[in-house]
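**Q** Fold the stuff below for me.
(chains A and B)
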Amino acid sequence: MNQSLLLQVNDLRVEIGRSDRRVRAVRGASLMVGRGSRLGVIGESGSGKTMMALATLRLLPATGMATGGEVLYGGRNLLQLSEEEMQRVRGKEISMVFQNAVSSLNPLFPVGQQIADVYRYHEGASREEAREKAIAMLDAMGIPDPARRARAYPHQYSGGMAQRAMIAMALVCSPQLLIADEPTTGLDLTIQAQVLDLIKEHIQRSEASLLLISHDIAVVAESCTDMAVMYAGEVLEAGSLEDVLGKPSSPYTKALLECFGVKSDERLSSIAGQVPDLRSELVGCPFASRCEPVQDVCRQEHPTLREIRPKHWVACHFA
Amino acid sequence: MIDGAVPLPVEKSGAGRVRRAHLRQWLLSPPVLILSVLVLCAIFAPLLAPHDPTTPVPAEKLLPPSREHWFGTDPYGMDIFSRVLYAARIDLSVAITSVLLGILVGMPLGAFSGFVRGRFDEVMMRITEIMQAFPPILFAMAVIAAAGNNLVNLTLILAFLNVPVYLKMVRSVTLPLQESDFILAARCGGHSTLSLVGRHIIPNTLVPVFSQFSLSCAYAVQMVAGLSFIGLGVRVPQPEWGSMISLGASFIIFGKWWPAVFPGLAVFLTAYSLNALGHRLRRIVLRET
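**A** Reported below is the predicted structural model:
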């Protein structure tokens, strides 16, 4: 395995829902996160970004299950670890922050204590050490008067502050990889930039990696080095930020960039048609029904990810 | 100053004043006052009781209430006022102990059941259904008959009857919590199932448990008195409200009302105030959530 790779997701498949209406949320997604790199995963709602991330940490909802593929982290397949081993990975090796920061904190306990808990659990620190560490982390996240804020309860935090606290909790054990699932979606635009900068800065400083999930290309362009585009549970294009944004090679990526107005100065466009029904088995390319230059082969044969130029992968018959 | 930080509450704020006014209103409400008096009576029974509660005086049988015997005397010549005071000790302590035991067992089982779901949950639910399908009085009579007629057995029976109540309640509160964001976030931090349930789920179920506690105690007091009335658990001369009522019941038709009415009044007041308190607490819980 490549030494510079930290996380490699290979052909991951996730199904959720009861047996009578199973949804194939992730249908053979593959991506790689290099050491020290920051990968942004872009996709519409329901494209399986979040499910892929949750499957990586084995935190799928009760009705969900990873039915195939592998998640390689440091040479180990995370999907095959025992629950105890997984508990040592979560928070220590790989951390995750979510969109709803305020509700991600237990309303009954002071914020500082919740950060300290994670530190004590993984590092075996004393109560006092952990408390100081929590305050130091809050301070590093730019929270004013951190000692007092550490004693405050989640309802006394604003959305932006709560997200800072969540990031502090995620980074308290200096994990190798931070998964951030839409970390700024619920925040004001001005705070969005602050929080993104904060994440970027801390990831860079600790030489860790970032897997940032977003539906906003601007957010990814702002804070990542690499980018992957997901559609209907598959990765359609992946590569460095410059390659994917500069030389988009999948028709879906092109269409997506047009929607964001990156390519054209004209009025906002949209992609005609709808995301395919993920309950049924898909034949051919998942984007075939909405693709402009679609050919017969697209409806019959499933395209696999090919490396069209070094470090730039595209799943399209005509790329 | 960074993004719209909510100022931390300052001491002596308006909210604090409102809270104190609320507290005063609470402490002066009839159920709380009655309960305080009852609990004080139970604690200081030896100081307050004018006579020994278990010494029969054959010459003073069935005396009506007087300055010497405030509540009169019973068919054995024991002072009813003293007995009512001492009985509060037994009735309240059996009721509270049994409910606490029920919570001690039911709460963790319910939290686990709701949290891990699956087969464990199925088994727990079927067991509670079986437990609750049994008529409580019949169940108590059967156990007492088999295991012996004493207070410990009575407490255990009542605790057993409380287990399914709290198991189901805590489970129902756990179900939505289990899917909440902060549980997912805590999992991401590496917490084990045990610490998730113990540190994150159970503390969040305490408020409804607390409001139910008072209602359960009211029911337990009625059960203690009710079972003792039919001769289970407590035996004369041990002072207990239910057995005192049963002792005095047959004399009511002769116009001697006091041996049954005073302990009956005690049961009524206890059950009423605990119920009223419980319903108040429940209204508050419903308003908050």
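**Q** Now do the helices in chain A.
**A** Secondary structure of chain A (DSSP state H): helices at A:49-56, A:83-89, A:111-123, A:127-140, A:146-150, A:159-171, A:189-205, A:217-223, A:241-246, A:251-259, A:296-300.
**Q** which one of these is the most hemmed in?
**A** Mean neighbour count, computed with mean count of other CB atoms under 10 Å in any protein chain shown, is highest for helix A:159-171 among the helices of chain A, reaching a mean of 27. (Each C-beta comes from the backbone N, C-alpha and C, glycine too.)
**Q** tell me what that one is packed against?
**A** The elements that helix A:159-171 packs onto, with contact taken as 3 or more CB pairs under 8 Å, 6 or more residues apart in numbering or on different chains; DSSP states H and E, are strand A:94-97, helix A:111-123, helix A:127-140, helix A:189-205, helix B:181-188.
**Q** In JSON lines, list the ones you listed along with mean pLDDT and distance to residue B:259.
**A** Listed next are the helices and strands packed on helix A:159-171 as JSON lines, based on pLDDT from 0 to 100; distance: least, CB to CB, whole Å:
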{"stretch": "strand A:94-97", "mean pLDDT": "94", "distance to residue B:259": "69"}
{"stretch": "helix A:111-123", "mean pLDDT": "94", "distance to residue B:259": "57"}
{"stretch": "helix A:127-140", "mean pLDDT": "95", "distance to residue B:259": "59"}
{"stretch": "helix A:189-205", "mean pLDDT": "92", "distance to residue B:259": "74"}
{"stretch": "helix B:181-188", "mean pLDDT": "92", "distance to residue B:259": "56"}
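**Q** Just put these in CSV and tack on distance to residue B:277.
**A** What follows is those, written out as CSV (distance: least, CB to CB, whole Å):
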stretch, distance to residue B:277
strand A:94-97, 43
helix A:111-123, 32
helix A:127-140, 37
helix A:189-205, 45
helix B:181-188, 31
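**Q** where in the chain is pLDDT low?
**A** No chain specified, so I'll use chain A. Along chain A, the model assigns pLDDT under 70 to residues A:1-3, A:261-268.
**Q** other chain: chain B
**A** Checking chain B against pLDDT under 70 turns up B:1-16, B:288-289.
**Q** Name the single longest helix found in it.
**A** In chain B, taking DSSP H as the definition, the longest helix is helix B:80-116.
**Q** ok and the helix or strand following that helix relative to helix B:80-116, angle-wise?
**A** Under the assignment DSSP states H and E, the closest C-terminal helix or strand after helix B:80-116 is helix B:118-133. Here the directions of helix B:118-133 and helix B:80-116 differ by 150 degrees (axes from the mean of the first three to the mean of the last three CA atoms, to 10 degrees).
**Q** which parts of helix B:118-133 are buried?
**A** B:121, B:124, B:128, B:131 (16 or more other CB atoms under 10 Å in any protein chain shown).
**Q** and the one residue in the stretch 201-319 of chain A that gets nearest to chain B, what does it touch?
**A** Minimum separation of the stretch 201-319 of chain A from chain B (CB to the nearest CB) falls at residue A:211, amounting to 13.0 Å. The neighbours of residue A:211, taking CB atoms under 8 Å, 6 or more residues apart in numbering or on different chains as the test, are A:7, A:33, A:39, A:41, A:53, A:56, A:177-180.
**Q** quick one: residue B:217 from chain A, how far?
**A** 25 Å (CB to the nearest CB, to the nearest Å).
**Q** Would you mind saying which of the helices of chain A lies nearest residue B:274?
**A** helix A:111-123 (34.5 Å; CB to CB).
**Q** before we move on, back to that, so which of the helices and strands packed on helix A:159-171 is nearest residue B:68?
**A** helix A:111-123 (60.5 Å).
**Q** So which bits of the stretch 151-289 of chain B are right by chain A?
**A** Selection of the stretch 151-289 of chain B residues close to chain A by CB under 8 Å from any CB of the partner chain yields B:179-182, B:184-193, B:195, B:199-200, B:203-204.
**Q** Quick check on these: which are buried?
**A** B:180-182, B:184-191, B:195, B:199-200, B:204.
**Q** And these, which two are furthest apart?
**A** Of all pairs drawn from these, the greatest distance, 19.7 Å, lies between B:190 and B:204 (CB to CB).
**Q** what distance separates the start and the end of stretch A:242-250?
**A** Stretch A:242-250 has an end-to-end distance of 15 Å (CA to CA, to the nearest Å).
**Q** can you give me how far it is from the chain middle?
**A** Offset of stretch A:242-250 from its chain centre (CA atoms, centre = their mean, to the nearest Å): 20 Å.
**Q** Which residues does that stretch contact?
**A** Contacts for stretch A:242-250 (CB under 8 Å, 6+ apart): A:217, A:221, A:227, A:229, A:236-238, A:253-254, A:257, A:262, A:287, A:308-309, A:311-312, A:314-316, A:319.
**Q** The same query, at a cut-off of 7 Å, please.
**A** Residues from elsewhere that reach stretch A:242-250 (CB atoms under 7 Å, 6 or more residues apart in numbering or on different chains): A:221, A:227, A:229, A:236-237, A:253-254, A:257, A:262, A:308, A:312, A:314-316, A:319.
**Q** picking that back up, how near is the residue of the stretch 201-319 of chain A closest to chain B to residue A:198?
**A** According to CB to CB, to the nearest Å, residue A:211 stands 16 Å off from residue A:198.
**Q** Over to residue B:33?
**A** Distance, residue B:33 to residue A:198, by CB to CB: 55 Å.
**Q** Near residue B:105, how many other residues are there?
**A** 17 (other CB atoms under 10 Å in any protein chain shown).
**Q** from memory it sits against residue B:164, does it?
**A** No - look at residue B:105 against residue B:164 with CB atoms under 7 Å: they stay out of range, at 9.9 Å.
**Q** How about the contacts made by residue 87?
**A** Defaulting to chain A. Residue A:87 sits in contact with B:190, B:192, where contact means CB under 7 Å, 6+ apart.
**Q** To clarify, I was referring to chain B.
**A** Applying CB under 7 Å, 6+ apart, the residues contacting residue B:87 are B:239-241, B:244, B:263.
**Q** In the chain, which residue is most central in space?
**A** Since no chain was named, I'll use chain A. Closest residue to the average C-alpha location of chain A: residue A:213 at 3.4 Å, with CA atoms, centre = their mean.
**Q** um, chain B though
**A** Closest residue to the average C-alpha location of chain B: residue B:217 at 1.6 Å, with CA atoms, centre = their mean.
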